[in-house]
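Student: need a structure here:
(one chain, ligands or ions: 1)
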Amino acid sequence: MTAVESPPAPQRDGVVRRALRDPLAVGCLVVLALLIVASLAAPLLTGYEPDHSVMADTLAPMSGSHPLGGDGVGRDVLSRLLYGGRTSLVGGTLAVLVAFAVGGPLGLISGFYRGWFDAVAGWIVNVIMAVPAIIVMLVVMAAVSQDLNVAMVVLGVIMAPMVFRLIRASVIAVREELYVDAARVSGLGDGRIMRRHVLPVVIAPSLIQATQVFAVAIGIQAGLAFLGLGKASQASWGAMLGDAFTNIYNAPALLVWPGAAMGLTILASSLLGNAVRDALGTAEPRVVRRRKRVERRAVAAPVAEAPADRLLTVAGLRVGYPKPGGDKTVVDGVSLTVARGEVLGLVGESGSGKSQTAFSVLGLLPNEAEVTADRLVFDGKDLLGLDLAALNALRGRGIGYIPQEPMSNLDPCFRIGSQLVEPIAKHLGLSRAEARAKALELLARVGIPDPERVFRSYPHQISGGMAQRVLIAGAVSCDPRLLIADEPTTALDVTVQAEVLDLMRSLQQEREMGMILVTHDFGVVADICDRVAVMQKGRIVETAPARQIFAAPEHGYTRMLLDSTLEGGPARGELRASDKPLKEVTS
Ligand SMILES: Nc1ncnc2c1ncn2[C@@H]1O[C@H](COP(=O)(O)OP(=O)(O)OP(=O)(O)O)[C@@H](O)[C@H]1O
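Tutor: Numbering: from 1, shown residues only. The predicted structure is shown next:
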């Protein structure tokens, strides 16, 4: 077993501290802080009201009483600059808040749930984006209110689609990650998954977007004021620019102050956003990987009595995907059973429908999947009749899941310990301290030599074999009655594979769990399975005890699979679609 490397400084700690180590970020913060303080302290820094006009001070030069001079109608330039800062900063902030208040939740819900909500939200967003923003704002200012802040609220609504699209895209990306599926399988609800796995990914791009919206808002507000819109009493940098242009030949310096203030504000906020994003360590939303997701639509037949030791009954399971040229059926009438304490191997070549079958039981198929079954009964419960909350509860406690790729199933942003503790505390109703003790106990049980250290580690700090042990610990943490393992050793190197299989077998026996082991490896079947169901092209072609499968396979396809994988067998021949069953055997 590979030892755990000594954890380097955890990456998620001290985002603020890391941002503060960046001189550019510090510079931007200082500039923004100075601008904010100066505009707030305007009454202390100047004795003039921003719209107080004295004819004698028209285009007055810089002096002790007017440090930046007077403007074209005799108002104090410093006073207008300071009070104008308030208008710009408040306006920019308003636009950002409104854009995120409208676009943020819509983007989150649309990206996470898709479906009709996504379609309707997408349509509304397209309509808003088709409307010419500047015309709307001019109309609002002419017909509704001359207040620049009202214009900024309207601008926020107009910019909400940008926020919507960004957040929706980020959520869709992370929603497809395996660790989100893993969190779902561990029984966590949508709220927790959203808070824990989705929001952290959305924050970094949102920060950049916020600074962009802020900058655009300040620019547009200045443009409106420059055109003479806005209340006469409302000092603003845009109005100062307008006045400066009127007097550009007599007093060109008047352009410098509002121009510099606007430029500095926009530059500092944009650069600060970049610095914070870099400190968060996520320049882009994390990698997008398509993956099967939860949803089911099914019509269930009445549940009939099953033998007392029967843990799982699947009958007539069909999974199809709508395609332009007609539905693609990937699971076609699969029936299987698992008894308590029994290990059923689900074997077949790649693409035969093994994972789709397993995910149907877990309720982890994409929204577009069309799933029907005559029966899907787990421990006396009709899975097809369960709502999402009941399914979540069942997935945590009743059915555990061990995935194929351990690393992708752990959220890189969280320590191993916290990823184990949360489902344990939730499902077993334990305090965090009790859940922690249980998680450490489990880490020791799955053969991790230094549980405390792994508990504190991030996924990138442990090896693949260790990550798979962690996931096995997670899968059995709430004492499930059924364990579904989808090619649990495929991503591991050969030496670790045997250890992980041994571990799974001993845990299965110790806890008398039923198990479905999805694999294409007959070596794994021989090691661990009691019974085997062989799948070909979405159908089960043979089900028999493992010994019988090896000693006397009845189906031509099973023999071909065995020939192609067993040592000393003949060279692998091509698998033909037309291979007819010699005899179909069902359990
Ligand atoms: N979202 C989807 N849309 C359309 N077809 C899909 C989708 N997901 C899976 N399939 C198809 O379903 C079939 C069965 O896939 P499945 O993953 O169950 O195979 P498998 O036997 O587990 O293979 P492997 O061992 O490679 O994982 C494949 O042909 C696959 O292309």
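Student: phi first, then psi, for the closest residue to Asp411 other than its chain neighbours.
Tutor: Of all residues not flanking Asp411 in the chain, Tyr179 sits nearest, at 4.5 Å (CB to CB, 6 or more residues apart in numbering). Where you see a C-beta, it was placed from the backbone N, CA and C, and this is true even at glycine. Recorded main-chain torsions at Tyr179 are phi -70, psi -20, according to degrees, to the nearest 10.
Student: what does this protein put close to the ligand?
Tutor: With CB under 6 Å from any ligand atom as the criterion, the chain meets the ligand at residues 292, 321, 328, 330, 348, 350-356, 366, 520.
Student: what subset of those is buried?
Tutor: Lys292, Val330, Gly348, Ser352, Gly353, Lys354, Ser355, Gln356, His520 (16 or more other CB atoms under 10 Å).
Student: the last one and Glu349 touch, don't they?
Tutor: Yes. Contact between His520 and Glu349 holds when scored by CB atoms under 8 Å: they sit 6.2 Å apart.
Student: scan the protein for its longest helix.
Tutor: Of all segments of type helix in the chain, defined using DSSP state H, the longest is helix 77-113.
Student: in that helix, which residues are buried?
Tutor: Those would be 77-89, 91-96, 98-100, 102-104, 106-112, for helix 77-113 by 16+ other CB under 10 Å.
Student: element containing Leu317, please.
Tutor: According to DSSP states H and E, Leu317 maps onto strand 310-321.
Student: neighbouring contacts of that strand?
Tutor: Outside strand 310-321, the residues within contact range by CB atoms under 8 Å, 6 or more residues apart in numbering are 306, 327-340, 342, 353, 356-357, 360-361, 365-366, 368-379, 481-482, 514, 516, 538.
Student: same deal with stretch 84-94?
Tutor: So stretch 84-94 is in contact with 35-36, 38-40, 42, 50, 148-149, 151-153, 156, 213-215, 217-218, 221-222, 225, 234-237, 239-240, 258, 261-262, 265, 269, going by CB under 8 Å, 6+ apart.
Student: go again using 7 Å as the cut-off
Tutor: Applying CB atoms under 7 Å, 6 or more residues apart in numbering, the contact partners of stretch 84-94 are 35-36, 38-39, 42, 148-149, 152-153, 156, 214, 217-218, 221, 234-237, 240, 258, 261, 265.
Student: now swap in stretch 390-406 and tell me
Tutor: In contact with stretch 390-406 (CB under 7 Å, 6+ apart) are residues 178, 182, 184-187, 189, 362-363, 378-379, 386, 409, 423, 427, 464, 467-468, 471-472, 475-476, 478, 480-488, 490-491.
Student: for it, how far is the first residue from the last?
Tutor: 26 Å (CA to CA, to the nearest Å).
Student: what are the buried residues along that stretch?
Tutor: 391-392, 394-406.
Student: what does stretch 552-563 give?
Tutor: Buried residues in stretch 552-563, counted by 16+ other CB under 10 Å: Pro553, Glu554, His555, Gly556, Tyr557, Thr558, Arg559, Met560, Leu561, Leu562.
Student: the helix or strand hosting Gln468 packs against which elements?
Tutor: Of the helices and strands defined by DSSP H and E, Gln468 is found in helix 464-476. Applying 3 or more CB pairs under 7 Å, 6 or more residues apart in numbering; DSSP states H and E, one finds that helix 464-476 contacts strand 399-402, helix 416-428, helix 494-511.
Student: direction included, what does the following helix or strand past that helix pair against?
Tutor: Next along the chain after helix 464-476, taking DSSP H and E as the criterion, comes strand 482-486. Next to strand 482-486 in the sheet, as set by DSSP bridges, lie strand 399-402 (parallel), strand 514-519 (parallel).
Student: can I take it that Leu346 is in a strand?
Tutor: Yes. Judged by DSSP: H, G, I helix; E, B strand; the rest coil, Leu346 forms part of a strand.
Student: against Gly556, how distant is it?
Tutor: 19 Å (CB to CB, to the nearest Å).
Student: run through this structure and note the low-pLDDT ranges.
Tutor: 1-16, 187, 280-308, 491, 565-587 (pLDDT under 70).
Student: what about the residue in the stretch 51-200 of the chain that the ligand sits nearest to, distance to Leu391?
Tutor: Nearest to the ligand in the stretch 51-200 of the chain, going by CB to the nearest ligand atom, is Glu176, at a distance of 10.6 Å. Glu176 sits 19 Å away from Leu391, taking CB to CB as the criterion.
Student: and the strand holding Leu317, C-alpha only, in CSV?
Tutor: Extracted as CSV, the C-alpha positions of strand 310-321 are listed here (Å, rounded to 0.1, in the frame of the first residue of the first chain):
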residue,chain,number,x,y,z
ARG,A,310,-34.2,-11.3,-1.0
LEU,A,311,-32.6,-7.9,-0.7
LEU,A,312,-33.0,-6.5,-4.3
THR,A,313,-35.3,-7.5,-7.1
VAL,A,314,-35.0,-5.9,-10.5
ALA,A,315,-37.5,-7.0,-13.1
GLY,A,316,-38.0,-5.8,-16.7
LEU,A,317,-35.7,-2.8,-16.3
ARG,A,318,-35.4,-0.7,-19.4
VAL,A,319,-33.3,2.4,-19.9
GLY,A,320,-33.5,4.4,-23.1
TYR,A,321,-32.2,7.7,-24.4
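Student: just want the angle from the helix or strand just after that strand to strand 482-486.
Tutor: Next in sequence after strand 310-321, counting helices and strands by DSSP H and E, comes strand 328-339. Per axes from the mean of the first three to the mean of the last three CA atoms, to 10 degrees, the angle that strand 328-339 makes with strand 482-486 is 140 degrees.
Student: may I have the strands that pair with strand 328-339, each with its orientation?
Tutor: Strand 328-339 has these strand partners (DSSP bridges): strand 310-321 (antiparallel).
Student: give me the buried positions along the partner strand.
Tutor: Arg310, Leu311, Leu312, Thr313, Val314, Ala315, Leu317, Arg318, Val319, Gly320.
Student: phi first, then psi, for the residue of the stretch 51-200 of the chain closest to the ligand.
Tutor: phi -90, psi 0.
Student: burial of the closest residue in space to Asp57 that isn't next to it in sequence, as a residue count?
Tutor: In this structure, Asp57 finds its nearest non-sequential neighbour in Gly70, 3.6 Å apart by CB to CB, 6+ apart. Gly70 has 27 neighbours, counted by other CB atoms under 10 Å.
Student: would you check that Gly70 makes contact with Pro61?
Tutor: No. With contact defined as CB atoms under 7 Å, Gly70 does not reach Pro61; the gap is 8.3 Å.
Student: against Met262, how distant is Thr87?
Tutor: 12 Å.
Student: now the residues of the chain next to the ligand in a markdown table, with secondary structure?
Tutor: Below are the residues of the chain next to the ligand laid out as a markdown table (three-state DSSP):
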| residue | secondary structure |
| --- | --- |
| Lys292 | coil |
| Tyr321 | strand |
| Lys328 | strand |
| Val330 | strand |
| Gly348 | coil |
| Ser350 | coil |
| Gly351 | coil |
| Ser352 | coil |
| Gly353 | coil |
| Lys354 | helix |
| Ser355 | helix |
| Gln356 | helix |
| Pro366 | coil |
| His520 | coil |
